[in-house]
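K.L.:
here you go, sequence then predicted model.
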Amino acid sequence: MSDADRFAECLHEQHGIDADIEHFPAGTETAADAAAAIGCDRAQIASSIALIADEMVVVVTSGANRVDTRKLATVRGVHTARMATPDEVEETLGYEVGGVPPFCHDTTVPVYLDETLTEYDAVWAAAGAPTAVFPIDPDDLLACADATAVDVVE
C-alpha cells in the first residue's frame, strides 16, 4: 500500500473523511509548485513542517510563510527549536519529507496551525506522499490534527 493510500485509509477510518486526493506525478516539491499544479494561491498550501522543540512537533504553515523557530520555542516553553532531519521525520511520523500530512502520523505529536490558514475556506495539504495533496477546511484540519492555531511565522 502506498503512503498516500495509507493516509487516505487513516483519514477515513479515524476521521470519517473521504478525501479527494489529487496526484501530481511530477511532484510538488515547493509550495509554489503545489499551488501552480492545483491552481490555487500559494498561501492556501498547508505545508507540514516537522521540528524538534524538546520533542518532535508539526507546524502546518501557509506556503506563503516560514516558521519562526524562536516563536515556536516560546510557544513550547523551550530554549530552541530546529528542523527535524529527514530520518527523524520518517522514523517518527512515518512519511517522507514533502509528503507529511498534517495528521495521521505513526506517532502522536503536538500539531500547531499557522493561524493565517484559518482565513481560507479550503487549504491543500500533503496526503502522505510528495506527489499527493488533498483539500480540507481549516476548521476540519484543526479538529482532525487536534491542533492549536498560533502565530509561529516570520
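P.N.:
Cool, got the structure.

K.L.:
when you work out contacts or count neighbours from here on, use the C-alpha atoms and nothing else.
P.N.:
Will do.

K.L.:
pLDDT below threshold where in the protein?
P.N.:
The model of the chain has pLDDT under 70 over residues 27.

K.L.:
which residue of it lies farthest from its centroid?
P.N.:
His79 (23.6 Å; CA atoms, centre = their mean).

K.L.:
ok, that one touching Thr69?
P.N.:
No: applying CA atoms under 8 Å, one finds His79 not in contact with Thr69, separated by 9.9 Å.

K.L.:
helices of the chain, start to end?
P.N.:
3-15, 31-38, 69-76, 86-93, 138-145 (DSSP state H).

K.L.:
what are the buried residues along stretch 24-38?
P.N.:
By 16 or more other CA atoms under 10 Å, the buried positions in stretch 24-38 come out as Gly27, Thr28, Ala31, Ala32, Ala34, Ala35, Ile38.

K.L.:
what residue is smack in the middle of the protein?
P.N.:
The chain, centroid-nearest residue using CA atoms, centre = their mean: Ser48 at 2.4 Å.

K.L.:
distance to Leu113 for the buried residues of stretch 24-38 - can I get that in CSV?
P.N.:
CSV is the format used below for the buried residues of stretch 24-38 (distance: CA to CA, whole Å):
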residue, distance to Leu113
Gly27, 24
Thr28, 21
Ala31, 16
Ala32, 19
Ala34, 19
Ala35, 19
Ile38, 21
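
K.L.:
what is the burial count for the nearest residue to Glu154 once chain neighbours are set aside?
P.N.:
Among residues not flanking Glu154 along the chain, Asp68 sits closest, at 5.0 Å (CA to CA, 6 or more residues apart in numbering). Using other CA atoms under 10 Å, Asp68 is surrounded by 14 other residues.

K.L.:
and Asp68, what does it touch?
P.N.:
Val152, Val153, Glu154 (CA atoms under 8 Å, 6 or more residues apart in numbering).

K.L.:
make JSON lines out of the residues you listed and add distance to Met1.
P.N.:
Formatted as JSON lines, the contacts of Asp68 follow (distance: CA to CA, whole Å):
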{"residue": "Val152", "distance to Met1": "35"}
{"residue": "Val153", "distance to Met1": "35"}
{"residue": "Glu154", "distance to Met1": "38"}
